[in-house]
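[1] Pasted the sequence and its predicted model underneath.
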Amino acid sequence: MRDVAIIGVGMVQFGRRDEDTLLDMLAKASLRALDDAGMGDRGVDAVYVGNMAAGMFQHQSSIASSLVDRLSLLPAAADTVENGPASGGSAIKNGLLAVASGYYDYVLVAGGEKMREVTGWRATDVVATMSHPQVEYPYGITLPGMAGMFTRLYMEKYGVTREMLVTVAIKNQAMGGLNPYAHVEMAIDKEGIYTSPHAVVNNPIGADPLHLYDMCPVSDGAAAVLLCPLELAKKFPQPPIHIAGFGQATDTHALQEREDPTDLKAVTLASQQAYEMAKLKPSDINVAELHDAFTILEIANSEHVGFFKKGEGGKAALAGKTRLGGPMPINVSGGLKARGHPVGATGVAQAVDLVWQLRHALPKERQVKDAQNGLAINFGGFGNNVTALILRRVQQ
Amino acid sequence: MPVDMELEAVLRPTQYPMVPYPPKVVTLANGKKMVIRQAEREDVPEILKSVHPCLFIERDYYDVVSARLYGELLAWYYYRAKSPYCLIGQVDGYLVGAVNGRLENEKVGMSYHTLAIDRGLRIGSHLFAAKMEYHLEYLGQEEVLVVAESPIGFRRWMIEYPLKPSKIPHELGGGDSWVLTREIYEKAKPRLVVGDRPVPADLWEVATRHILFADEDTIRERIAGLKGR
């Protein structure tokens, strides 16, 4: 197996992009990644596109085939990868395996979703199609509904409080305000969303005990990375970032079948695989992008990947340990909470943000000082299909 | 423009007596304080400066809402509306939203428009709630007729309160009205109507010194979110 590097990255600003089709966004992000890598006229061997639901949102399929043609990358191989909200992470895995195996040298991985073409409740319904088709979806469960129940259990078992959730929301929106690619650029305030009696209007309950600002927005967006063997990466202008570790694991489709619904086994297993491949431990990670579609998930993921013991993640957030400048900065990009969550794009966007961190290319107010290793968790379903990615800065 | 007061007496609709809306202050999600107060007729030319850029924003039906609001405010300014009023929201003196309506008769209110100029802070929700509060708690009305021109308005008013459908044609376009009754209002009030009175002197002084307006580009960016593209 060859070592694989990311040599180019690109992203479009997430948000509501009425002016772009899904293909427009994917093409823009891809061209930025190709330009960033300095590919010039060089073609790529294969393109993998992470996308969850263009068939439902746009009544469109074969997205990767369309993108290859749009980018004039013919006759590159092209595959669309669907794995719910972890489609981006799975697309990167496909690219990684293709290059590592020696079958392809240059692989473009893009992820994108255009969700704002439909109303919010229809988007919520589309996302809910990932739930179990017999024992969950027919009863009206939505992902916010699942997250609400998960939060209640987590609160009861581990003492997570609303103040901890609010702290995560405020931190991530503050960072989103500094990220030019973020959907939500508005800082929020503890008084405005929590302590003031007026917060009942500003931050209403969405899925008890989760409130509006505990949830990520519904976004349009796309991101892309370009992969090649590490041995070839040195020929390109950007400092190569090594894909040091990868893991993926699954769990029961229906939440009710889990022995302990608060135990995100797939997150634990996927991250353990990634640590093992990278020969790292949780304490070696300097910056993390953890799938915070709901504030509780940042806290729970931070425990399941081993940054904190069970029941300590919320306390760590409250103590400022997960802020930029803290010992374990999490979601410095703003995370899904503020950068947004165009489901098929998220896993790739997490990788893009980590690459920028590991290149030490970000402005001081967003840069994790001297970051060497980054971890991303891309969470599919409600934790039933999870990818973990570890990126490492290559010493020049 | 010459004004014939004899003719004006015919053209101007009769007005019901209206107690003023008592101003209040609301803490927004970003921690800023929004003063909600009643605009004076003399404020109309200034308010129109903030409404004007919205006339050209198609997103979320801002153009039709703004065009109608613009006309309604002009009608008030030229005494061509029966018992109209306008409430405005200001943050640091800047106009961030406006709502208006009028009295159809002593018991029934006619809700007109809600225009949030700074978005993402539920300013529209706070202002619409203030409008309903004015009709039911201060003007002593029994119900308010409402329609929505945008899906966002439908979600905010018809679903969140929730309003009661009716077959009464609404003044805006003639579609069926949705009705806010006193009973619905009282049930919704704890979760939708907030604000502190009196407005602290420093906030009141800033709000009433001048109505400040963001420039057109800023207004377009705040509404359409087109930063960077």
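    Cool, got the structure. Residues are numbered from 1 along each chain as shown, chains lettered A, B, ... in the order given.

[2] Would you confirm that residue A:351 contacts residue A:227?
    No - in this structure residue A:351 lies outside contact range of residue A:227 using C-beta atoms under 8 Å: 10.0 Å. Any C-beta I mention is one placed from the backbone N, CA and C, and that applies to glycine too.

[3] Now do the shared contacts for the two.
    A:6, A:92 (C-beta atoms under 8 Å, 6 or more residues apart in numbering or on different chains).

[4] least trustworthy helix or strand in chain B by mean pLDDT?
    Sorting the helices and strands of chain B by mean pLDDT, DSSP states H and E puts helix B:216-224 at the bottom, at a mean of 78.

[5] Check the offset of it from the chain's centre.
    Between the centre of helix B:216-224 and the centre of its chain there are 19 Å (C-alpha atoms, centre = their mean, to the nearest Å).

[6] With stretch B:114-122 instead?
    11 Å.

[7] Now for residue B:146, how many residues are close by?
    Residue B:146 has 27 neighbours, counted by other C-beta atoms under 10 Å in any protein chain shown.

[8] State the helix or strand in which the nearest residue to it once chain neighbours are set aside lies.
    Closest residue to residue B:146 apart from its sequence neighbours, by C-beta to C-beta, 6 or more residues apart in numbering or on different chains: residue B:111 at 4.5 Å. In the assignment (DSSP states H and E), residue B:111 maps to strand B:108-116.

[9] If you drop the residues flanking it in sequence, what lies closest to the residue of chain A positioned farthest from its centre?
    Centroid-distance maximum for chain A: residue A:197 at 33.6 Å, with C-alpha atoms, centre = their mean. Spatial nearest neighbour of residue A:197, chain neighbours left out: residue B:194 (6.2 Å); criterion: C-beta to C-beta, 6+ apart.

[10] Roughly how far does residue B:210 sit from residue B:90?
    10 Å (C-beta to C-beta, to the nearest Å).

[11] Between these two, tell me which one has more neighbours.
    Neighbours were tallied for residue B:210 and for residue B:90 using other C-beta under 10 Å; the higher tally belongs to residue B:90 (23 against 11).

[12] how many other residues sit next to residue A:237?
    With other C-beta under 10 Å as criterion, residue A:237 counts 9.

[13] Residue B:172 touches residue B:146, doesn't it?
    No - Residue B:172 lies out of contact with residue B:146 (C-beta under 8 Å); the separation is 9.5 Å.

[14] what residues are up against residue A:329?
    Taking C-beta under 8 Å, 6+ apart, we find residue A:329 in contact with A:286, A:287, A:288, A:322, A:323, A:368.

[15] For stretch A:158-170, buried residues please.
    A:158, A:160, A:164, A:165, A:166, A:167, A:168, A:169, A:170 (16 or more other C-beta atoms under 10 Å in any protein chain shown).

[16] nope, stretch B:176-187 is what I was after
    B:177, B:178, B:179, B:180, B:184, B:185.

[17] Output these as JSON lines; include the columns secondary structure, pLDDT and distance to residue B:132.
    Rendered in JSON lines, the data for these read as follows (DSSP: H, G, I helix; E, B strand; the rest coil; pLDDT from 0 to 100; distance: C-beta to C-beta, whole Å):
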{"residue": "B:177", "secondary structure": "strand", "pLDDT": "97", "distance to residue B:132": "14"}
{"residue": "B:178", "secondary structure": "strand", "pLDDT": "97", "distance to residue B:132": "12"}
{"residue": "B:179", "secondary structure": "strand", "pLDDT": "98", "distance to residue B:132": "11"}
{"residue": "B:180", "secondary structure": "strand", "pLDDT": "98", "distance to residue B:132": "6"}
{"residue": "B:184", "secondary structure": "helix", "pLDDT": "97", "distance to residue B:132": "9"}
{"residue": "B:185", "secondary structure": "helix", "pLDDT": "98", "distance to residue B:132": "6"}
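
[18] tell me the contacts of residue A:292?
    Residue A:292 neighbours (C-beta under 8 Å, 6+ apart): A:168, A:172, A:216, A:298, A:301, A:331, A:335, A:336, A:337.

[19] for the one helix or strand residue B:206 maps to, packing partners?
    Counting by DSSP H and E, the element that carries residue B:206 is helix B:201-209. The contact analysis (3 or more C-beta pairs under 8 Å, 6 or more residues apart in numbering or on different chains; DSSP states H and E) places helix B:201-209 against strand B:33-38.

[20] Between helix B:216-224 and the next helix or strand after the strand it packs on, find me the angle.
    Moving toward the C-terminus from strand B:33-38, the next helix or strand (DSSP H and E) is helix B:44-51. Put simply, helix B:44-51 runs at 60 degrees to helix B:216-224, going by axes from the mean of the first three to the mean of the last three C-alpha atoms, to 10 degrees.

[21] For residue A:302, which non-adjacent residue is spatially closest?
    That would be residue A:313: by C-beta to C-beta, 6+ apart, it lies 4.2 Å from residue A:302.

[22] how close does the one you found get to residue A:245?
    From residue A:313 to residue A:245 the distance is 21 Å (C-beta to C-beta).

[23] So these two - more neighbours on which side?
    Higher neighbour count among residue A:313 and residue A:245: residue A:313, with 30 against 22, using other C-beta under 10 Å.

[24] For the more buried one, which residues are in contact?
    By C-beta under 8 Å, 6+ apart, the residues touching residue A:313 are A:160, A:298, A:299, A:300, A:301, A:302, A:303, A:307.

[25] what does the stretch 101-250 of chain A put close to chain B?
    A:119-120, A:180, A:184-193, A:196-204, A:213 (C-beta under 8 Å from any C-beta of the partner chain).

[26] among the residues you listed, which ones are buried?
    Neighbour counting by 16+ other C-beta under 10 Å classes A:184-189, A:191-193, A:196, A:198-199, A:201-203, A:213 among those as buried.

[27] Mind checking which of those are in helices?
    A:199, A:201, A:202 (DSSP state H).

[28] Out of the contacts of residue A:329, which two sit at the greatest distance?
    The span of those, defined through C-beta to C-beta, is set by A:286 and A:323 at 13.7 Å.

[29] what angle do the longest helix anywhere in chain B and strand B:108-116 make?
    Criterion DSSP H: the longest helix present in chain B is helix B:62-77. Here the directions of helix B:62-77 and strand B:108-116 differ by 130 degrees (the same axes, to 10 degrees).

[30] next one: helix B:62-77 to chain centre, how far?
    With C-alpha atoms, centre = their mean, you get 11 Å for helix B:62-77.

[31] The next helix or strand after it pairs with which strands, parallel or anti?
    Going down the chain from helix B:62-77, the next helix or strand is strand B:84-91, by DSSP H and E. Its sheet considered, strand B:84-91 pairs with strand B:33-38 (antiparallel), strand B:94-103 (antiparallel) by DSSP bridges.
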